[in-house]
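Engineer: Okay, predicted coordinates and the sequence, questions at the end:
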Amino acid sequence: MTAILPDVYERMKSALRRPEMGGILGADSFGTVSEFYPDTTGSTIANQYTPDYATLNRVIAQWFQRGIYFAGFVHSHPKEYTALSCADLEYARKIKAVNHMESVLMLLYIPETNRFYEYLI
């Protein structure tokens, strides 16, 4: 299981109040997830969250200057869906390839049950 600071969990819970919301995760040099940026400008249509790539890439660049590395994504699902969708998996694979990452952290949060599910792709 990935080390995630407690305040990061609390910020994610506060920001992801309904299904199909998301954000990015940043880790320090030890691999501990220490940053969360909520994607408040991403779009949600029906049952699909689409990130605001331009804004998130700017945040990732700012983090990098501070020694924080992009670790992955978190997004919320309805309580019936505690696994990554096919689209989520494809997205994770693309992120890994484009960023030359060994793995990418994909967290799911279910607001109705207040539970996180961790996937390392």
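Structural biologist: Thanks, I have the structure now.

Engineer: how about the residue nearest to the spatial centre of the chain, secondary structure?
Structural biologist: Nearest to the mean C-alpha position of the chain, by Cα atoms, centre = their mean, lies Phe73 at 1.7 Å. The local conformation at Phe73, judged by DSSP: H, G, I helix; E, B strand; the rest coil, is strand.

Engineer: now it, which residues is it bridged with?
Structural biologist: Counting by DSSP bridges, Phe73 is bridged to Ile24, Met106.

Engineer: That one contacts Gly22, doesn't it?
Structural biologist: Yes. Using Cβ atoms under 8 Å, Phe73 is in contact with Gly22, at 6.1 Å. C-beta: built from backbone N, CA, C; applies to glycine.

Engineer: Need the overlap of contacts for those two.
Structural biologist: Jointly contacting Phe73 and Gly22 under the rule Cβ atoms under 8 Å, 6 or more residues apart in numbering are Pro51.

Engineer: Helices of the protein, residue ranges please.
Structural biologist: When assigned using DSSP state H, the helices of the chain occupy the ranges 6-15, 53-65, 86-99.

Engineer: wait, which of those helices is closest to Glu112?
Structural biologist: The closest of those to Glu112 is helix 6-15. By Cβ to Cβ, the value is 12.0 Å.

Engineer: which residue packs closest to Leu84, ignoring adjacent ones?
Structural biologist: Leaving aside its chain neighbours, Leu84 sits nearest to Tyr119 (5.5 Å; criterion: Cβ to Cβ, 6 or more residues apart in numbering).

Engineer: Also Val104?
Structural biologist: Nearest residue to Val104, sequence neighbours excluded (Cβ to Cβ, 6+ apart): Gly72, at 4.6 Å.

Engineer: since we're on that neighbour, how many residues are nearby?
Structural biologist: A count of nearby residues for Gly72, using other Cβ atoms under 10 Å, gives 23.

Engineer: Hmm, it is touching Asn99, no?
Structural biologist: No. Proximity of Gly72 to Asn99 does not meet the contact threshold set by Cβ under 8 Å, at 10.2 Å.

Engineer: What pLDDT is listed against the closest residue to Tyr49 other than its chain neighbours?
Structural biologist: Counting by Cβ to Cβ, 6+ apart, Tyr49 lies nearest to Glu20, which is 4.2 Å off, once chain neighbours are set aside. Looking at Glu20, its pLDDT reads 91.
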